[in-house]
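Novice: no sequence for this one, just the structure:
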């Protein structure tokens, strides 16, 4: 590993296709066993064990034991944020007329990135919230609470004072890898996603980061934020 420049060390960890597959598989915030990750990355159990050890040692993954099993997850939201940002420069956006497989199309519309929402819906939400002065750009990488923020988020059932008191970043501008524009990450992004799930507006899907927007959710997104789901 390259120890002169830490970013080079991370680059080496991400440079292996199997390790990249493992990290992307964990972007939904769930913890998985080595066997599950080996299957998803299409490598042997022995090979997966070596890759996982490197990712843990490199600070990208965390591991916990439960009974006979060890469960691996991303080391934290900053890792998910970095992976999403790398995706934005590592892929090209299809033209508006491009035909996408259904599963991919759903990922473009709405998906989770660790504990916050990503995709077109999330980008449009960020834009609307900025236009409504709920948030505002705070430098190149962050959002700050806007002049109407407390009242705005209180109506959504989100207590921003509690979020501002957390050690975690309040709100990050996470460049969406499919839209090339920012969505909201950080504590606020996580709170928005959790609120939408609790309200039944979105429902996580199994074995994919794409989320299903319910009929009720589609109505609320259109009424409250002017965001359409089609």
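Specialist: Cool, got the structure. Computed from a predicted model, the values in this text were never measured in an experiment.
Novice: Domain-wise, how is the protein divided?
Specialist: Taking automatic domain parsing as the domain assignment, the ranges for the chain are 6-75, 78-225.
Novice: Tell me how far the last one lies from the chain's centre.
Specialist: Distance of domain 78-225 from the chain centroid (CA atoms, centre = their mean, to the nearest Å) equals 8 Å.
Novice: Regarding that domain, how distant is the last residue from the first?
Specialist: In terms of CA to CA, to the nearest Å, the two terminal residues of domain 78-225 are separated by 27 Å.
Novice: repeat for the shortest one
Specialist: For domain 6-75, the separation between the terminal residues is 17 Å (CA to CA).
Novice: Could you number the chain from 529 rather than 1 from now on?
Specialist: Yep, numbering from 529; the last one is domain 534-603 now.
Novice: Same list (the domains of the chain) but as TSV, adding mean pLDDT.
Specialist: Converted to TSV, these look like this (pLDDT from 0 to 100):
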stretch	mean pLDDT
domain 534-603	88
domain 606-753	87
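Novice: Please report phi then psi for the residue positioned nearest the centre of the chain.
Specialist: Using CA atoms, centre = their mean, the residue of the chain that lies closest to the mean C-alpha position is residue 641, 1.4 Å off. Note on residue 641: its backbone torsions stand at phi -120, psi 100 [degrees, to the nearest 10].
Novice: Repeat that for the one 3 residues further on.
Specialist: Taking degrees, to the nearest 10, you get phi -130, psi 170 for the backbone angles of residue 644.
Novice: Tell me, how many residues neighbour the residue nearest to it when sequence neighbours are not counted?
Specialist: Counting by CB to CB, 6 or more residues apart in numbering, residue 644 lies nearest to residue 717, which is 3.2 Å off, once chain neighbours are set aside. Glycine gets a C-beta too; all of them are placed from N, C-alpha and C. The local packing of residue 717 (other CB atoms under 10 Å) involves 28 other residues.
Novice: How about residue 537?
Specialist: Counted with other CB under 10 Å, the burial measure for residue 537 works out to 15 neighbours.
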